[in-house]
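Undergrad: give me the fold of what follows.
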Amino acid sequence: MTEQPWIIVGYVNVLPYIKEFAPGSVIVVDEPDVIRKRDVKKALEGAGMLRELIEWEYQLPGAADEFHNTYPGLAPAVVAPLVEYATPFAARLAERYGVPGAGAGASQIMRDKSLLRRVSRAAGVLNPASAEVASPQEVREFAAAHPGSLVLKPANRQASVGTKVLHGLDGLDDAWAECISQDEGSFVPDRERELRMLIEQFVRGDEFSVELLVHEGEVLFSNVTGKMLYPGPRPIERGHTVPAAGIPDELSELMVAQTETVIRSVGFGSGIVHCEWIVSDGRPYLVECAGRFPGDGIPMLIEEAYRINLAGAFYEVMQGRRPEGLPQRAAGGAAVRFMDAAPGEVVSVDGADEAARLPGVLSLSMHLEPGDTVNELRSSWDRVGSVMTRGATSEEALRNAEAVVDAIRITTA
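TA: Model prediction:
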């Protein structure tokens, strides 16, 4: 057991396999309800990296300070969040223990989409027109002043939960009821949580994300990820390419520069940043920005494309060190593509074994068996499987991924 533990906030299923964790080094902190619903105790049984699992209602006000006062002698070497809702707690806890982190102020701004728009807009970052709304009537008032398509979404949720594009106001009351009715299942505590809604102008364009590794405000590594969405009114990711396929270097450099402006505007300290953009007429508009690892397997795609140990570099930064020799350009390409399935009861899943042997496959994850139910796509949690692939270029990696998806047949009734 190491003397200085690493505190990791928020359980993810890859946690026991992160090779940077020494035996007996990790204290995992998570919400009691999440630990129960996701059976985290069982998932961590026998995990050599585990020092202790602490149940803590970390999403409540003052939770980090209460934790620090309850465990004043921990003296951790690292405090890091692995899920979106953990970022404010981890940032404040890092401050209390005196170790590197995003900064509590920066993290609070980045967790609040409405506040982030105000702060980044003041720093010169392009943002769509946006307003907090508490009723369909307030949406109508915003629409009268901002003609065109709109986006209704929460200011304080994750994974596209409660987000919908409105191309008109017909059926607005139903859309409102649908968006404020949110079920994140086992990923959130059971207690009631504040919900604040935003209405924004819809920006039409290609979507991207920028990932930065930041050491005390200095950017050490950057990547631009290309994003593909499922068709329909919900902006749910269908796939990603790393680095972004088919865009000029000038656009990549512009998005990285704008992301640097965002993190300066909030005063971000140390950690990973995942910032989403829509590019319209060559101009990037900010969607949102998170102070944590991206989801959807993007970290693995980055590690494959750049031949980099991104997780290792991150944990060096979180210990106050400055890793050297990080690549500035990708050595190849990588892609992830999520499966397509019609809503209904699963009758059969065919072709997965053969598809897994196609060229370039890094991993294939399927969550379906006959008798399971495929839900309508309302958030990222409703996706049913994914494939990760490599290629000499991002375009080749994406072609490899599409070939796998095409080879798998999911039949629903």
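Undergrad: ok, the closest residue in space to Ala47 that isn't next to it in sequence - contacts?
TA: Ranked by C-beta to C-beta, 6 or more residues apart in numbering and with sequence neighbours excluded, the top spatial neighbour of Ala47 is Pro16, at 3.9 Å. Where C-beta positions appear, they are placed from N, C-alpha and C, glycine not excepted. Going by C-beta atoms under 8 Å, 6 or more residues apart in numbering, Pro16 touches 43-44, 47-50.
Undergrad: for those residues, work out which two are farthest apart.
TA: Ala43 and Gly48 (13.7 Å; C-beta to C-beta).
Undergrad: pick out whichever of the two has more residues nearby.
TA: Ala43 (15 against 11; other C-beta atoms under 10 Å).
Undergrad: mind checking which helix or strand of this structure has the lowest mean pLDDT?
TA: When the helices and strands of the chain are scored by mean pLDDT, DSSP states H and E, helix 172-180 comes last with a mean of 88.
Undergrad: residues making contact with that helix?
TA: For helix 172-180, the external contacting residues (C-beta under 8 Å, 6+ apart) are 135-136, 139-140, 152-154, 162-164, 166, 195, 197.
Undergrad: of these, buried ones?
TA: The neighbour-count criterion (16 or more other C-beta atoms under 10 Å) marks 136, 139, 152-154, 162-164, 166, 197 among those as buried.
Undergrad: turn those residues into a markdown table, including distance to Leu310.
TA: Formatted as a markdown table, the buried ones among the contacts of helix 172-180 follow (distance: C-beta to C-beta, whole Å):
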| residue | distance to Leu310 |
| --- | --- |
| Pro136 | 43 |
| Val139 | 40 |
| Leu152 | 34 |
| Lys153 | 29 |
| Pro154 | 29 |
| Gly162 | 30 |
| Thr163 | 27 |
| Lys164 | 33 |
| Leu166 | 37 |
| Met197 | 34 |
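Undergrad: before we move on, the earlier item: ok, now how distant is the residue nearest to Ala47 from Asn400?
TA: 29 Å (C-beta to C-beta, to the nearest Å).
Undergrad: whichever helix or strand Lys153 is part of pairs with which strands, parallel or anti?
TA: In this assignment (DSSP states H and E), Lys153 forms part of strand 150-154. If you go by DSSP bridges, strand 150-154 pairs up with strand 164-166 (antiparallel), strand 197-201 (antiparallel).
Undergrad: list the contacts of the first one.
TA: Right, the one you point to is strand 164-166. By C-beta under 8 Å, 6+ apart, strand 164-166 touches 149-153, 172, 175, 178-179, 202, 233-235.
Undergrad: report the mean confidence score over it.
TA: Mean pLDDT, strand 164-166: 91.
Undergrad: what of the longest one?
TA: The average pLDDT within strand 197-201 is 94.
Undergrad: quick one: that strand to chain centroid distance?
TA: Between the centre of strand 197-201 and the centre of its chain there are 20 Å (C-alpha atoms, centre = their mean, to the nearest Å).
Undergrad: extract the C-alpha set from it and format it as CSV.
TA: Extracted in CSV, the C-alpha atoms of strand 197-201 (Å, rounded to 0.1, in the frame of the first residue of the first chain):
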residue,chain,number,x,y,z
MET,A,197,-33.2,24.6,-18.8
LEU,A,198,-31.7,26.7,-21.6
ILE,A,199,-33.1,27.7,-25.0
GLU,A,200,-30.5,28.6,-27.7
GLN,A,201,-30.2,29.4,-31.3
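Undergrad: next helix or strand past that strand?
TA: strand 206-215.
Undergrad: what is the longest strand along the chain packed up against?
TA: In the chain, with assignment by DSSP state E, the single longest strand is strand 218-229. For strand 218-229, the packing partners by 3 or more C-beta pairs under 8 Å, 6 or more residues apart in numbering; DSSP states H and E come out as strand 206-215, strand 237-242, helix 249-266, helix 298-306, helix 310-317.
Undergrad: can you say which of the ones you listed is nearest to Ala352?
TA: Nearest of the helices and strands packed on strand 218-229 to Ala352, taken as C-beta to C-beta: strand 237-242 at 17.6 Å.
Undergrad: just the C-alpha atoms of the closest one, please, in PDB.
TA: C-alpha atoms of strand 237-242 as PDB (Å, rounded to 0.1, in the frame of the first residue of the first chain):
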ATOM      1  CA  GLU A 237     -23.000  11.100 -31.300                       C
ATOM      2  CA  ARG A 238     -22.900   8.300 -33.900                       C
ATOM      3  CA  GLY A 239     -19.200   8.200 -34.200                       C
ATOM      4  CA  HIS A 240     -15.800  10.000 -33.900                       C
ATOM      5  CA  THR A 241     -12.600  10.300 -35.800                       C
ATOM      6  CA  VAL A 242      -9.200  11.100 -34.300                       C
END
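Undergrad: which strands and helices sit next to it?
TA: Secondary elements touching strand 237-242 (3+ C-beta pairs under 8 Å, 6+ apart): strand 218-229, helix 298-306, strand 333-338, helix 394-407.
Undergrad: now it against strand 218-229, angle please.
TA: 140 degrees (axes from the mean of the first three to the mean of the last three C-alpha atoms, to 10 degrees).
Undergrad: paired strands for strand 237-242, with orientation please.
TA: strand 218-229 (antiparallel), strand 333-338 (antiparallel).
Undergrad: per-residue pLDDT, the residue sitting furthest away from the middle of the chain?
TA: Distance from the centre of the chain peaks at Ala144, with 32.8 Å (C-alpha atoms, centre = their mean). On the pLDDT scale, Ala144 is placed at 96.
Undergrad: how about Ser160?
TA: For Ser160, the predicted pLDDT is 63.
Undergrad: now Leu368
TA: For Leu368, pLDDT reads 85.
Undergrad: now it: how far from Ala90?
TA: In terms of C-beta to C-beta, Leu368 sits 34 Å off from Ala90.
Undergrad: which of those two has more neighbours?
TA: Ala90 (30 against 19).
Undergrad: OK, contacts around Glu52?
TA: Counting by C-beta under 8 Å, 6+ apart, the residues that Glu52 touches are 5, 27-28.
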